[in-house]
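> Okay, here's the prediction I keep looking at, along with the sequence it came from:
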Amino acid sequence: MKNTEENAVPPTNTRSAESMSEIKRQQALLKTGALQNAILNSANFSIIATDETGIIQLFNIGAERTLGYAAADVVNKITPSDIHDPQEELERAQALSLELNTEIKPGFEALAFKASRGIEDIYELTYICKDGSRFPAIVSITPLRDDDDGLIGYLLIGTDNSQRKQAELKLTQAMAVAEKANLAKSDFLSSMSHELRTPLSAILGFAQLIESGNPPPTATQKRSIDQILQAGWYLLELINEILDLALIESGKLSLSLEPMGLADVMLECAAMIEPQAHKRGIRVTFPPLGMRHFVKADRTRVKQVLINLLSNAIKYNSVGGSVTVTCEERVPGRIRIAVEDAGSGLAPEQIEQLFQPFNRLGQEANAEEGTGIGLVMTKRLVELMGGEIGLESTVGQGSTFWFEMDLTHARMHEADAVTDEPAKTYRQTDAAQHLLLYVEDNPANLMLVEDLIARRPDIKLITARDGLEGVALARSALPDMILMDINLPGISGITALLILAKDPTTKHIPIVALSANAMPRDIAKGLEAGFFRYLTKPIKVNEFMDTLDLTLKYADAHPAPVTQAEQAL
């Protein structure tokens, strides 16, 4: 019996273990309770608990501090929807009704609808404090459930969102100011471009006329004309590069990225650079035209990049030197186009300053012209097209500028055939003269075009000094084509174009813009409005004559429709 009783008493070490376990359990409960109290007493978050109907059951210190109510003011008395903005609750109910395709009423139902169905919900609404003040809050709402998973209420944890709202407002305002500044900058650049090009058009236009006049200029006159043209085209290049750089820096430059063949661009660049190379006795070698490398890029900008590198390689080469262009797939899927010259090369400290605007690396005293912008533009353009540009140079041995672009497997079938462009000839005809209407208010520009058209016996010129006069003259004279300035007295050239396009008697007449508004957005706007072509000032005589030929050819192929009265005759 004694042994049985002794066996029934737990050993001392067992009682000790159970005692320690109980102590740990109580400590855990105390710790849990402390954590819960710390959370509930947090002054940084408003914590509100409700019963299943939405009546507030718990209102913590954070809620009291931020909303101004004492717990006794709200517990068992109101729902959280009573301290929200009613208009915002109505809008939330309407939005949820559309989203969930069921009718949801404003009030606490709109706040708790998603949470009651187990959908995570964080919403943003305005809290209304006891003193009538308001603040935006972000509120997370979750269901509260018992051990049997029955819904017993909701927990709403909110935080003041005022600072974030203020930061967003300041950011929005700053972005609006920046956008306004960008628009002002773009308008200024457009206006400045127009103001500079208008007098430059007269300078270059008349200089080209004198150069190609009959009788030809004397040797002394020719030398002076060459200086005028050289300085004029240089000034135009400077204007264009500054405007292009400004567009890139402001993020306004648009690129048309599409699959293009490098062989086509090489051929075009070879033709464009040949006169400059020949004049300086520089031999330029291009890779075989049979190569078939395709990249996804803007064709015009790739040509601009390559022409700039070629022009620099020729300009800063040694007498009788050479330029070699290579294309190499150094890394699979990426092509490197390199332009190697035999010039004097660059020192490491010069290379570090190479891509800085207006920095010509000490070449300012050199006879070679340059703006110091070209390489900066080239670098920006290459990077905008997803490429990379670099330089390898050795003093006394020359430099190799290269840029890399990703290859593409896409093909443009039109680019597979590389053919020389046929020589252009001006359109001459013995048929009756074509009638050309020129609408322009600037006397110098009128005089220039009159002198140009005087060389075309196949064209008769009539002129108008403003948009309204131009519209009236177009309707009465029915010219074969119209040259239209944009900035005209009375109505703009675009307005005049739209008026003529709506008139059945004139809508067939091709209208060519001839304007000093030469920003890309100006050109795009003009072409979208319906101009047949868009020429910019200063006039390039060959381009101007080519456009006349093209437009008159179009006019011959699309004559005015025959009216019913004419058919009756």
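Done, it's in.
> which regions of the stretch 251-400 of the chain lie under the pLDDT threshold?
Scanning the stretch 251-400 of the chain for pLDDT under 70 picks out the ranges 251-252, 289-291, 355-372.
> same deal with the stretch 101-250 of the chain?
By pLDDT under 70, the low-scoring segments of the stretch 101-250 of the chain are 182-183, 185-187, 189-194, 247, 249-250.
> switch the cut-off to 50
The model of the stretch 101-250 of the chain has no residue with pLDDT under 50.
> what about the helices in the stretch 351-500 of the chain?
Taking DSSP state H, counting those that start in this stretch as the criterion, the stretch 351-500 of the chain contains helices spanning 374-384, 443-453, 467-477, 493-502.
> how about those, which one is nearest Leu229?
Minimum separation from Leu229 across those (C-beta to C-beta) falls at helix 443-453, 14.3 Å. For every residue, glycine as well, the C-beta is placed using N, CA and C.
> Give me the three-state assignment for Tyr69.
With DSSP: H, G, I helix; E, B strand; the rest coil as the basis, Tyr69 sits in coil.
> What is the burial count for it?
20 (other C-beta atoms under 10 Å).
> so what pLDDT did it get?
pLDDT recorded at Tyr69 is 92.
> cool, Ala17 as well?
62.
> Likewise for Ala28?
56.
> Just want the angle from the longest helix seen in the chain to helix 443-453.
For the chain, the helix that runs over the most residues, judged by DSSP state H, is helix 162-211. Angle, helix 162-211 to helix 443-453, by axes from the mean of the first three to the mean of the last three C-alpha atoms, to 10 degrees: 50 degrees.
> Whatever helix or strand comes next after helix 162-211 - contacts with which helices or strands?
Using DSSP states H and E, the helix or strand that follows helix 162-211 in sequence is helix 219-249. Helices and strands touching helix 219-249, as assessed by 3 or more C-beta pairs under 8 Å, 6 or more residues apart in numbering; DSSP states H and E, comprise helix 162-211, helix 374-384.
> Specify the next element, helix or strand, located C-terminal of helix 219-249.
Next along the chain after helix 219-249, with elements defined by DSSP H and E, is strand 258-261.
> and the next helix or strand after that next one, how far from the chain's centre?
Counting by DSSP H and E, the next helix or strand C-terminal to strand 258-261 is helix 262-280. Relative to its chain's centre, helix 262-280 lies at 30 Å (C-alpha atoms, centre = their mean, to the nearest Å).
> Same check on stretch 74-88?
On C-alpha atoms, centre = their mean, the centre of stretch 74-88 falls 47 Å from that of its chain.
> Now do the end-to-end distance for it.
End-to-end span of stretch 74-88 (C-alpha to C-alpha, to the nearest Å): 21 Å.
> And the contacts of that stretch?
Outside stretch 74-88, the residues that touch it by C-beta atoms under 8 Å, 6 or more residues apart in numbering are 48, 50, 53-59, 67, 69, 89, 106-108, 110-111, 125-129, 134, 156.
> Any quick PyMOL command for the buried ones out of those residues?
Restricted to buried positions by 16 or more other C-beta atoms under 10 Å, the PyMOL selection for the contacts of stretch 74-88 reads:
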select buried, resi 48+50+54+55+56+57+58+59+67+69+89+106+107+108+110+111+125+126+127+128+156
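> Which of the contacts of stretch 74-88 fall within helices?
67, 89, 108, 110-111.
> Make sure Glu328 is indeed in a strand.
Yes. Counting by three-state DSSP, Glu328 is part of a strand.
> Tell me what it is bridged to.
Applying DSSP bridges to Glu328 yields these beta-bridge partners: Arg336.
> Give me the distance between it and Glu89.
67 Å (C-beta to C-beta, to the nearest Å).
> now swap in Ile335 and tell me
Distance, Ile335 to Glu89, using C-beta to C-beta: 60 Å.
> do Leu58 as well
21 Å.
> cool, Thr536 as well?
From Thr536 across to Glu89, the span is 58 Å (C-beta to C-beta).
> Same question for Asp160.
To Glu89, Asp160 is 19 Å away according to C-beta to C-beta.
> Please apply the same query to Pro80.
10 Å.
> now swap in Leu407 and tell me
When C-beta to C-beta is the yardstick, Leu407 and Glu89 sit 57 Å from each other.
> same check, this time on Ser322
Distance from Ser322 to Glu89, counting by C-beta to C-beta: 79 Å.
> Check Asp485 too.
For Asp485, the distance to Glu89 - C-beta to C-beta - is 59 Å.
> same deal with Thr495?
50 Å.
> Centre of the chain to the longest strand seen in the chain, how far?
As assigned by DSSP state E, the longest strand anywhere in the chain is strand 134-145. Taking C-alpha atoms, centre = their mean, one finds the center of strand 134-145 at 40 Å from the center of the full chain.
> now stretch 71-87
Worked out by C-alpha atoms, centre = their mean, stretch 71-87 lies 50 Å from the chain centre.
> List the buried residues for that stretch?
Quick answer for stretch 71-87 (16+ other C-beta under 10 Å): 74-75, 78-81, 83-85.
> Asn317 - how many residues pack around it?
By other C-beta under 10 Å, 23 other residues sit near Asn317.
> residue contacts, it?
Taking C-beta under 8 Å, 6+ apart as the contact definition, Asn317 lies against 280, 282, 323, 341-343.
> can you do 7 Å?
282, 323, 341-343 (C-beta atoms under 7 Å, 6 or more residues apart in numbering).
> out of those, who has the most neighbours?
Neighbour max across those (other C-beta under 10 Å) = Asp341, 27 neighbours.
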